[in-house]
Structures are given as structure tokens and as C-alpha cells.
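Engineer: this is a predicted model, with the sequence first.
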Amino acid sequence: MRKKIALIGGGQIGQILAMLAAMKELGDIVILDVPSYVNVVKGKALDLMEMAPHGDYDANIIATTDYTDVTGADVAIITAGKPREAGMTREDLLNVNIQIIKEVAEGIKKHAPNAFCIVVTNPLDAMVYVFHKLTGFPKNQVCGMAGTLDTARWRAFIAMELNVSVADVAGIVLGGHGPDMVPLPRLTTVGGLPLTELATPEQIERLVHRTREAGTEIVKLFGKGSAFFSPAWSAIVMAEAYLKDKRRILPCAALCEGEYGVNGLFIGVPALISAKGVEKIIEIKLTDEERAMFEKTVASVTRTVNECKALGY
Ligand code: APR
């Protein structure tokens, strides 16, 4: 039997998720969205079915508003949410998206209690915290997609800067999905060689800054909405690691219970993703400078999570 992928939210990221999941034949796909938008999503699902003859995939792709259609899903990727609108404060947005995550958590808990859940909705580190709290799922079953994307951006910018194949750039970005995330130049290599010897300190500083601001750079270009291709592919990499038991080491927002000195917070750390979900968080020693940066991002995520706690979550 084919696996089942539930995509909660069929907007910009959701539609690319559906296309990539189909092209990789990860399983049948159910896209769930709100009644006012579901016809558009039904159109997207049908369009993808009609792409199959050339896309060379077998997958059933449907759109729905009904959680019973996600029954038994193996993976759930959550992009449901509202973007920030004019006149809305960050807190207003947090409130709106918490309500949406609450609805999603109830639906998944009831109908797909064994799904490996990947939260993408922003503010990411807080939304994954709320989703975990409300589902009560084991911690290995819930994670947030951020570090995989931030690391992809870091690698892409390095390849562009040095004019080399991105395939040869390996690295990692830790921390929350915000402007104080922590790219680690010390642990980044290009064709096995240390980045710190291939780029000047000024170049590295520029790359770190661009990575931290990468989401904003795209928002500014779009004028409305945020990135969708790279976030979608990043979430698919995580889903595939789980479905195919690939045992990949990917940075993702995982629940730390003592690791990296963090307790009770989802934050971007290197995780082993296997058929067990987030099988374990891999700890390494950070330098004093790296640790100071990591503590800063932990403080930011703690502030947002505390706002959720103040709202009763
Ligand atoms: N249940 C299901 N879907 C919902 C709900 C809900 N309660 N509320 C909203 N949605 C749907 C919207 O109708 C829309 O189709 O979620 C979708 C969100 O899609 P977009 O607005 O296009 O946003 P997208 O660019 O896909 O980003 C989704 O990921 O990276 C983050 O910041 C981004 O939080 C945003 C999320």
C-alpha cells in the first residue's frame, strides 16, 4: 500500500510540497485547506493529476476540508497559517496562527495520530512548540522545518560567492528561524576543505548576514508573500528521511531536554531523522563565541514561546 502524505495548507508552499511529493512518489497526497480556498486547492490537485503522465509518477492527489480524509496519514506537513497583514502586530499574527495550529493539532491528533509531523508555519519555533503541546505526541514525532532551509540557503550563498558547485558545500545552521540564527563557518567545508581558509573573514561575515536575512530578502523582492520553493523542498527532505528511513543528519527544530543546555524548547539543532522520526539530537561542542550566539537565539525563541504560554499554551 502507498504511504499517505497529509499537507495541511495548500497555499504557496503546500502546492510545491504536493508537486515534489508526487514527483518523488512518496505516496498518495491529501491537501487540506479552508472552505473558502478549497476549490482553488482542488484545482491544484487536479492539475497535478494531469501532470502525472509527463511527470511520470503514480499518486492520487486530492484536496479536502475534511480531516477524516487524512485518516492514517504517515506524514503531516503543516503550512496552514495566515501571513502578516498591514496593521497587524507580531502578537496579532501569533494569536491568529495559534488558533489555526490549535485546529490542525486537534484534527491530526484525532485522525492521524501516528503521523510524523513537520511544522512549517511561522513563527516556526513557537508554532511547533504549540503543536507539540496540544497534540501531546511523543517528541520524536514532531519537529519544525527551519534549519534544513537555513542550511540550504547558507550552502547556496557560499556556492554563489565562491563560484563552485553547491554539491560540494557542506555546513550547518543552528538556532531559531530568525535573524539571530547561527551559521557555523568553522564546521563548513567546500569539497572537504575548510571554508575559513577559502573565504576571507569579510566574505564570511557577509555570507552569515545574508543567510540570516535570506527570508526577508525574498519577501522584499516579492512585495507580498514569502519564499516557497526552498521551504517546500527542505520539508520534503525531512519527510523523505523519515519515510525511507534514510538516517539523515539534518538541522531541525527539535524538542531539547537538556541538549545544548536547553530545556523544554524546540530549537534548531542537528537531528538524526530515521523511521523513528527525530531519533536523536546530536550534540557537539561549540566554541565560546558560537555558544554565545546560540544563547542569544535561545533567548529570542524563549521570548516568543513565553508569549504563547501567556496566552495559555
Ligand atoms: N486549516 C487549513 N489550512 C488553512 C487554515 C486552516 N485552519 N488556515 C489557513 N489555511 C491555509 C490558507 O488558506 C492557505 O492556503 O494555509 C495556506 C497558507 O498558504 P500561504 O498563505 O500561501 O502561505 P505559504 O507561503 O504557503 O506559507 C505557509 O509557512 O513559511 C511559512 O511564513 C510562512 O506561515 C507561513 C507558512
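Structural biologist: That came through fine.
Engineer: the residue in the chain that the ligand sits nearest to: how many residues sit nearby?
Structural biologist: Among all residues of the chain, Gly11 sits closest to the ligand, at 1.9 Å; criterion: C-beta to the nearest ligand atom. Every residue, glycine included, has its C-beta placed from N, CA and C. One way to gauge burial is a neighbour count; for Gly11, by other C-beta atoms under 10 Å, it gives 21.
Engineer: quick one: contacts for the closest residue to it other than its chain neighbours?
Structural biologist: Closest residue to Gly11 in three dimensions, ignoring its sequence neighbours and counting by C-beta to C-beta, 6 or more residues apart in numbering: Thr79, at 6.5 Å. The neighbours of Thr79, taking C-beta atoms under 8 Å, 6 or more residues apart in numbering as the test, are 7-9, 11, 13-14, 17, 120-121.
Engineer: ChimeraX command for the buried members of those?
Structural biologist: Once 16 or more other C-beta atoms under 10 Å is used to decide burial, the buried members of the contacts of Thr79 can be selected in ChimeraX as follows:
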select :7,8,9,11,13,14,17,120,121
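Engineer: can you tell me which of the contacts of Thr79 is closest to Val173?
Structural biologist: Taking C-beta to C-beta as the measure, Val173 lies nearest Val120 of the contacts of Thr79, at 16.3 Å.
Engineer: would you mind measuring from that closest one to Ala159?
Structural biologist: When distance is defined by C-beta to C-beta, to the nearest Å, Val120 is 24 Å away from Ala159.
Engineer: what are the buried residues along stretch 37-52?
Structural biologist: Buried residues in stretch 37-52 (16+ other C-beta under 10 Å): 38, 41-42, 44-45, 48-49.
Engineer: re the thing from before, residues touching the residue of the chain closest to the ligand, list them.
Structural biologist: Taking C-beta under 8 Å, 6+ apart as the contact definition, Gly11 lies against 33, 37, 79.
Engineer: so of the buried residues of stretch 37-52, which ones are in helices?
Structural biologist: When helices are assigned by DSSP state H, the members of the buried residues of stretch 37-52 inside them are 38, 41-42, 44-45, 48-49.
Engineer: which of the contacts of Thr79 fall in helices?
Structural biologist: Counted as lying in helices by DSSP H, out of the contacts of Thr79, are 13-14, 17.
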